[in-house]
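1. got a sequence here, can you model it:
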Amino acid sequence: VEEGYRRYYNVLRLAESKAWSTPIFHGELAAFRKDLLEEIGGFPTDIGADDSHTATKIALIAYRAIIPENTRCHELIPKNGYIRWRIRRAQHLIQHFMKTLRLLEFTSSGIYGRILAVETFLHVLNPWLLLMVIILLLLNALVFNTLLALILTASGLILLAIKPYRTWIISQIFLIIASVRNLWTREMTWSKSAKLY
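-> Predicted coordinates for the structure are as follows:
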């Protein structure tokens, strides 16, 4: 799952970087100009995705926040608790995008504002729309025996055999769980876990 997610993730981050800036960063390999950090008030302490939020604030003051195409970074994944790790990371990105909405003026942020709007939609609203569509399809298929709903439901299940689709569905599930968890815990601290190489 992680390999498929990372492949998709990296294509998006590089495309956003080429367009202007990306709102999602790897804290494992990030460099910030000290003067810009001071100008924006440093790293936030109230959200988990402090690297992404800091880069976004810098991009919103007309500097670029990019992931260079020729850079390689290897992130170790947990040996145990992979699902919890992914959910926590999703929580932190949702926190970042919700906080960014308060900073953003879509009309004056140009292409970066559009990138932020799309990423916010993909992380905050899209998972819930998917869940709503699945529920409606299942209701139509099971209760009303609608042929189209049966075909679409069967197609969705068959598509799970395709790795990118399956990876996307799993990511949406993580985002839904993360949204719900953010209602009662922001998970700002966590125990360090052993990672796989």
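2. dump the residue contacts of Leu12.
-> The neighbours of Leu12, taking CB atoms under 8 Å, 6 or more residues apart in numbering as the test, are Thr22. For every residue, glycine as well, the C-beta is placed using N, CA and C.
3. cool, Lys18 as well?
-> Shown here is Lys18, whose contacts under the criterion CB under 8 Å, 6+ apart are Glu69.
4. what strand or helix carries it?
-> helix 2-19 (DSSP states H and E).
5. in that helix, what's buried?
-> By neighbour count, with 16 or more other CB atoms under 10 Å as the criterion, the buried positions of helix 2-19 are Gly4, Tyr5, Leu12, Arg13, Leu14, Glu16, Ser17.
6. equivalent analysis for stretch 25-42, please.
-> Residues of stretch 25-42 classed as buried under the neighbour-count rule (16+ other CB under 10 Å) are Phe25, Phe32, Ile40.
7. could you do stretch 164-176 as well?
-> Neighbour counts using 16+ other CB under 10 Å place Thr167, Trp168, Ile169, Ile170, Ser171, Gln172, Ile173, Phe174, Leu175, Ile176 of stretch 164-176 among the buried residues.
8. any idea of the mean pLDDT in it?
-> This predicted structure assigns stretch 164-176 an average pLDDT of 95.
9. who touches it?
-> With CB under 8 Å, 6+ apart as the contact definition, stretch 164-176 has outside contacts at 1, 4-5, 8, 83, 86-87, 90, 94, 123, 126-128, 130-131, 159-160.
10. try 7 Å this time
-> When contacts are taken as CB atoms under 7 Å, 6 or more residues apart in numbering, the neighbours of stretch 164-176 outside the stretch itself are 1, 4-5, 8, 86-87, 90, 94, 123, 127-128, 130-131, 159-160.
11. what subset of the residues you listed is buried?
-> The buried subset of those (16+ other CB under 10 Å) comprises Gly4, Tyr5, Arg86, Ile87, Ala90, Ile94, His123, Pro127, Leu130.
12. so what's Ile24 up against?
-> Ile24 sits next to Arg13, Ser52, Leu93, Glu119 when contact means CB under 7 Å, 6+ apart.
13. just those: which are in strands?
-> Under the assignment DSSP state E, these contribute nothing to strands.
14. farthest pair within those?
-> For those, with distances taken as CB to CB, the pair at the greatest spread is Arg13 and Leu93 (12.4 Å).
15. Ile111 reaches Ser21, doesn't it?
-> No - distance between Ile111 and Ser21: 8.8 Å, which falls outside the contact criterion (CB atoms under 7 Å).
16. the lengthiest helix in the chain to helix 2-19, inter-axis angle?
-> For the chain, the helix with the greatest residue count under DSSP state H is helix 82-103. Taking axes from the mean of the first three to the mean of the last three CA atoms, to 10 degrees, helix 82-103 and helix 2-19 form an angle of 20 degrees between their directions.
17. quick one: which of the buried residues of stretch 164-176 is nearest to Leu152?
-> Ile169 (14.3 Å).
18. name the element that closest one belongs to?
-> Here Ile169, judged by DSSP H and E, is contained in helix 163-181.
19. alpha carbons only: can I get that helix in PDB?
-> Output in PDB follows, covering the C-alpha atoms of helix 163-181 (Å, rounded to 0.1, in the frame of the first residue of the first chain):
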ATOM      1  CA  LYS A 163      -3.400  -1.400  -7.200                       C
ATOM      2  CA  PRO A 164      -3.700   2.400  -7.800                       C
ATOM      3  CA  TYR A 165      -7.500   2.300  -7.300                       C
ATOM      4  CA  ARG A 166      -7.100   0.100  -4.200                       C
ATOM      5  CA  THR A 167      -4.400   2.500  -2.800                       C
ATOM      6  CA  TRP A 168      -6.700   5.500  -3.400                       C
ATOM      7  CA  ILE A 169      -9.700   3.800  -1.600                       C
ATOM      8  CA  ILE A 170      -7.500   2.900   1.400                       C
ATOM      9  CA  SER A 171      -6.200   6.400   1.500                       C
ATOM     10  CA  GLN A 172      -9.800   7.700   1.500                       C
ATOM     11  CA  ILE A 173     -10.600   5.400   4.400                       C
ATOM     12  CA  PHE A 174      -7.600   6.700   6.400                       C
ATOM     13  CA  LEU A 175      -8.700  10.300   5.800                       C
ATOM     14  CA  ILE A 176     -12.300   9.500   7.000                       C
ATOM     15  CA  ILE A 177     -11.000   7.900  10.100                       C
ATOM     16  CA  ALA A 178      -8.600  10.700  10.700                       C
ATOM     17  CA  SER A 179     -11.300  13.300  10.300                       C
ATOM     18  CA  VAL A 180     -13.400  11.600  13.000                       C
ATOM     19  CA  ARG A 181     -10.400  11.200  15.300                       C
END
